[in-house]
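Sequence and computational prediction follow.
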Amino acid sequence: MVVGDIATGTEVLVIGAGPGGYVAAIRAAQQGLDTTLVEKDAYGGTCLNYGCIPSKALITSADLAHQAGHAEEMGIHADPVVDMSQLRDWKDGIVDQLTGGVEKLCKANGVNLIEGTARFKDENAVRIAHGGEGQGSETIEFEHCIIATGSRVIQIPGFDFANEQVWSSRDALAAETVPDDLVVVGGGYIGMELSTTFAKLGANVTVVEMLDDILPTYESDVARVVRKRAEVLGIDMHFGEGASGWREEDDGIMVTTETEDGEENEYYADKVLVAVGRSPVTDTMEIENAGVEPDERGFIEVDDFRRTEVDHIYAIGDIVEDTPMLAHVASQEGIVAAEHIAGEPVAFDSQAVPAAVFTDPEIGTVGMTEEEAEEAGFTPAVGEMPFQASGRALTTGHTEGFVRIVADEDSGFILGAQIVGPEASELVAELALAIEMGARLEDVAATIHTHPTLAEAVMEAAENALGQAIHTLNR
Amino acid sequence: MVVGDIATGTEVLVIGAGPGGYVAAIRAAQQGLDTTLVEKDAYGGTCLNYGCIPSKALITSADLAHQAGHAEEMGIHADPVVDMSQLRDWKDGIVDQLTGGVEKLCKANGVNLIEGTARFKDENAVRIAHGGEGQGSETIEFEHCIIATGSRVIQIPGFDFANEQVWSSRDALAAETVPDDLVVVGGGYIGMELSTTFAKLGANVTVVEMLDDILPTYESDVARVVRKRAEVLGIDMHFGEGASGWREEDDGIMVTTETEDGEENEYYADKVLVAVGRSPVTDTMEIENAGVEPDERGFIEVDDFRRTEVDHIYAIGDIVEDTPMLAHVASQEGIVAAEHIAGEPVAFDSQAVPAAVFTDPEIGTVGMTEEEAEEAGFTPAVGEMPFQASGRALTTGHTEGFVRIVADEDSGFILGAQIVGPEASELVAELALAIEMGARLEDVAATIHTHPTLAEAVMEAAENALGQAIHTLNR
Amino acid sequence: AESGGRVFASPSVRRLARELDVDLASVDGSGPSGRVTEGDVRSAAEAAEAAEEAESSRPRNVEINGESATEKRD
Ligand SMILES: Cc1cc2nc3c(=O)[nH]c(=O)nc-3n(C[C@H](O)[C@H](O)[C@H](O)COP(=O)(O)OP(=O)(O)OC[C@H]3O[C@@H](n4cnc5c(N)ncnc54)[C@H](O)[C@@H]3O)c2cc1C
Ligand SMILES: Cc1cc2nc3c(=O)[nH]c(=O)nc-3n(C[C@H](O)[C@H](O)[C@H](O)COP(=O)(O)OP(=O)(O)OC[C@H]3O[C@@H](n4cnc5c(N)ncnc54)[C@H](O)[C@@H]3O)c2cc1C
């Protein structure tokens, strides 16, 4: 045993302080369990430091400046200039405030905090290597462990993030200046959020996507609304092309792509952002010593209580097989794991996992699409309300998109919703609750919705599905 | 009988095409009833033409320009100028689109439209006087009538709206220029929405309110958030003063006020906006001929189905006693009346009537306050989440305010919510559904809310009431 | 209580079912369209408990004086 390696014990050890881990730790402590949280980098994990939060801060500023500069129609004349260093300070200040808050909340709830990298010794102990050289390590013995080590960005051959011209999403969020020309590899949600942001900040953005549309996990009429708007924003999108490499040019770089048929294309840029996905971090903590075996892609299989094959070891968040890699899923899984350890009658049984994309306009979805409902054996009743017919949408100047609700024809139970349009990320909350509660179309239609709001469109979509909409023609 | 006065019959006659009347007419027609809608002025009533819609259009533009001009913190440098005539065109275009839409929707659903002023002949017929001189009139006999004649602005002694210096809300919304100095009489929601708008458009705004706070129908800590922000916007508020008169000055006008103790004050202005409330329009249609008698203030008493004392005559919207004068209440009452006539098992039994104020920040409330819950015999469990602790709020730059949820301690049933802060008008929708569904704190807390959204604050407030919030310290 | 292979019940009712060890899928929902309510879960739990009690208090099928004793039923 090296100097400083004293074994201490804890009822619950949580590894990783992202939105999965810190929430799990706080809830475990709230349940009266002696809880220790170990983090090697920064409280709040990917989400608060390099993901959700900094991206949304940049999106807000870019969007406000862009909107104000393009609102002649509503009488506004302005030529906004964005000072990137001020914007970065603002964004960093928010991150600091939130990560500081996480630390405080952990302490206030009685969570023991340890900085360092955890590696399993066996199925009841980890060794934690502290930060820098010679800072030693310690052993923690645990009764229960919750692994919440999150994910890392996927690197593709030929695009090494070590090069300053090659950006990961994290690099993009820390950008000191706006590149004149930016190539974005990958038209998924992170790629599209950042493309939109940099386009609004003034970059010429080219998106290269292997599949035949952006946002391939969404229905094509949903993705279409975002694609059309991206075109208006001047984003140049190329489908069916994979990035094959890049080389330095006089003044910048040339990114090369290849189609399936071997046709090559070249795009000039200052930076290339590679956003093709994320993979779970399960290969750096000697997890095999604990007897837990990730699948070939690195994900960990869990049961309804987020237990791994080793009963007292739980896994949550981005490392979990089958649930989407989203912060709020990580947090919910953290709550389930913590409460299950405490003996509460809990399970991860959410009927409705909402997801949002903060593009322009936003996307918010929850539950089943029409197709999924059919596959599950329902006869779907579908209702829509275009924002074009919403008084509130008109008065905000944002009228693209629609609310769609999918329900079961026979029972009326709401099964899912797809929203693309202004505040879609917020509007989806009501429908998530509706699904969890077992609400029927009638319930949403009979609930008074404030006028004039975008949320009225949710009510209208429900009425449309019932064939009794007031503000749209019924199908 | 004058020329052109031919009596026709209809199953349902609806008087007034505001959000009460047009919705009632469309729903009645959807139920297969032969329906006639008569309107003397403009489709959409006060709401679409002189109320909700034009006010929200002005608010959006004023807010966007103001925000962009005050966002140095997030790196935005801009000096937006608002061209009022362009803004008016935009606003008028929206109104035209929506009122045109109402007309089209009525026709598409088979509603007969008549332009003219209805007066009761007896309890089964109205005479309708058509528009201009010599356009004649006609008599309509009805089996059922739904009165939806709405409200008009209240005029106070000494302030005649015929003077161009004295503005009603309608005049303010049609303003051709922004006055340098504006006195607003009345700190209710219409007064405060317009004060905020004109302050953001560059006017020096003084609010004079008889009571001791703005927004007196809201809890003081809710109103306080708006008042503090109004102060930052430079709005000068004076409480305990009633407007007593005004006189012309060299270049403008001088508005005089009086306190209860008889102390006088004077405020210089270009215009004075009087926004002290609205009163029902029930005195111009010879309603007594139908046997319906309004109360001394002009409101009409109705039952659960919105029937007046005369069984086949219904009243809905702003003219109804006891329900708030709001567009969405008018619409819901219209639906209830129409379906009741059609024999549907309907009633106005909403547990939760949401209301919003589009100030900066917004207010959204629904159901009971803590005090009301106590008065109703519940033991309230109350939870709060300040937006200051919301990651999404931080990234939007709007962190004032909070979400408060009031529930019944024993059962956990949610009884009400008060939200003041960004998008409060939208966020309240989830809680209205929660109340209507009989959801418990636990249900809202267990529903996954997308990260990062403002709606997470709703979930956090529910968790806070349960003593298990993650992002706030629990009481 | 199932529609398309899914039980409709609120999160608090689902939690209660776990707490009382009730299999939601086997409960007949009395709510709208068969939604399972708190009351349904409690009744199911009571019924299960009663059945269990009956099971444990049921007299064995013993021979008394050469005659087979009848089952006790409520
Ligand atoms: C640009 C971008 C934008 C995004 N936007 C959104 C969004 O808007 N909404 C959304 O829901 N999701 C978003 N995400 C995804 C979201 O960030 C993740 O789903 C979420 O962070 C997963 O949480 P987690 O707790 O599982 O892991 P993480 O947040 O990745 O946290 C894991 C933590 O574990 C630590 N760790 C790892 N190994 C060890 C070890 N051995 N010892 C000690 N500590 C260790 C890491 O340092 C890290 O802090 C975004 C992601 C990116 C990259
Ligand atoms: C500035 C302002 C802002 C507002 N903002 C909001 C808001 O944000 N949200 C909200 O919910 N509410 C708001 N309101 C209130 C809202 O406008 C009213 O509650 C709503 O319009 C009431 O609807 P109604 O159908 O009862 O009456 P109205 O909309 O007033 O419609 C009545 C109609 O009847 C017609 N009529 C009257 N008498 C006759 C007759 N004898 N014959 C034929 N036609 C007749 C009138 O011409 C009118 O068109 C606002 C009001 C104002 C003034």
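Yep, that arrived. Please read all numbers here as calculations on a predicted model, not as lab measurements. Ligands and ions are numbered 1, 2, ... in the order given.

Going by residue numbers, what spans are helices in chain C?
Under the criterion DSSP state H, chain C contains helices at C:11-19, C:38-57.

The closest residue to residue A:285 other than its chain neighbours: what's it in contact with?
What sits nearest to residue A:285 in space, not counting adjacent residues and going by Cβ to Cβ, 6 or more residues apart in numbering or on different chains, is residue A:119, at 5.1 Å. C-betas here are computed from N, CA, C, even on glycine. If a contact means Cβ atoms under 8 Å, 6 or more residues apart in numbering or on different chains, then residue A:119 has A:126, A:127, A:128, A:129, A:284, A:285, A:286, A:289 as its contacts.

Which of the helices of chain C comes out lowest on mean pLDDT?
Ranked by mean pLDDT, the helices of chain C bottom out at helix C:38-57, which scores a mean of 90.

and that helix, does that touch chain B?
No - using Cβ under 8 Å from any Cβ of the partner chain, helix C:38-57 stays clear of chain B, with a minimum separation of 9.4 Å.

do that helix and chain A meet?
No - taking Cβ under 8 Å from any Cβ as the criterion, helix C:38-57 and chain A are apart, separated by no less than 11.6 Å.

what angle separates that helix from helix C:11-19?
Angle between the axes of helix C:38-57 and helix C:11-19 is 10 degrees (criterion: axes from the mean of the first three to the mean of the last three Cα atoms, to 10 degrees).

hmm, back to that, check which residues of the helix or strand harbouring the residue nearest to residue A:285 are buried.
In this assignment (DSSP states H and E), residue A:119 forms part of strand A:117-122. Neighbour-count burial for strand A:117-122 flags A:117, A:118, A:119, A:120, A:121 (criterion: 16 or more other Cβ atoms under 10 Å in any protein chain shown).

of all the residues you listed, which comes closest to residue B:327?
Relative to residue B:327, the closest of these is residue A:118; by Cβ to Cβ it sits at 57.1 Å.

so what's the closest one scoring on pLDDT?
pLDDT at residue A:118 comes out at 98.

Assess the claim that it and residue A:15 are in contact.
Yes - between residue A:118 and residue A:15 there is a contact at 4.7 Å, judged by Cβ atoms under 8 Å.

shared neighbours of the two, anything?
Counting by Cβ under 8 Å, 6+ apart, the residues touching both residue A:118 and residue A:15 are A:38, A:126, A:285.

Point out the ones among those residues that are inside strands.
A:38, A:126 (DSSP state E).

Write out the residues of chain C neighbouring chain B.
Residues of chain C lying near chain B (Cβ under 8 Å from any Cβ): C:10, C:11, C:12, C:15.

Of the residues you listed, which pair is most distant in space?
Longest span within the residues of chain C next to chain B, Cβ to Cβ: C:10 and C:15, 9.0 Å.

The two: who's more crowded?
The neighbour comparison of residue C:10 against residue C:15 (other Cβ atoms under 10 Å in any protein chain shown) goes to residue C:10, with 27 against 21.

Which pLDDT value goes with that one?
Residue-level pLDDT assigned to residue C:10 equals 97.

For residue A:446, see how far away it is.
Using Cβ to Cβ, to the nearest Å, residue C:10 is found at 18 Å from residue A:446.

And for residue A:176?
To residue A:446, residue A:176 is 53 Å away according to Cβ to Cβ.

same check, this time on residue A:168
Noted for residue A:168: a distance of 48 Å to residue A:446, by Cβ to Cβ.

for residue A:357, same thing?
From residue A:357 across to residue A:446, the span is 30 Å (Cβ to Cβ).

on that earlier part again, please identify which of residue A:176 and residue A:446 sits among more neighbours.
Ranked by neighbour count (other Cβ under 10 Å), residue A:176 and residue A:446 place residue A:446 first, with 19 against 7.

My read is that the more buried one contacts residue B:436, right?
Yes - the pair residue A:446 and residue B:436 qualifies as a contact (Cβ under 8 Å) at a distance of 7.1 Å.

any residues in contact with both of those two?
Listed as contacting both residue A:446 and residue B:436 by Cβ under 8 Å, 6+ apart are residue B:350.

show me the contacts for the residue nearest to residue A:290 when sequence neighbours are not counted.
Spatial nearest neighbour of residue A:290, excluding adjacent residues (Cβ to Cβ, 6+ apart): residue A:120 at 4.2 Å. Applying Cβ under 8 Å, 6+ apart to residue A:120 gives the contacts A:126, A:285, A:286, A:287, A:288, A:289, A:290.

and the last one, what pLDDT?
Confidence per residue is given as pLDDT, and for residue A:290 that number is 98.

and stretch A:300-316, anywhere near ligand 1?
No - contact of stretch A:300-316 with ligand 1 (Cβ under 6 Å from any ligand atom) is absent, the minimum separation being 6.5 Å.

for that stretch, what is the average pLDDT?
Mean pLDDT, computed over stretch A:300-316, is 98.

And stretch C:21-32, how far out from the chain middle?
Relative to the centre of its chain, stretch C:21-32 is centred 10 Å away, using Cα atoms, centre = their mean, to the nearest Å.
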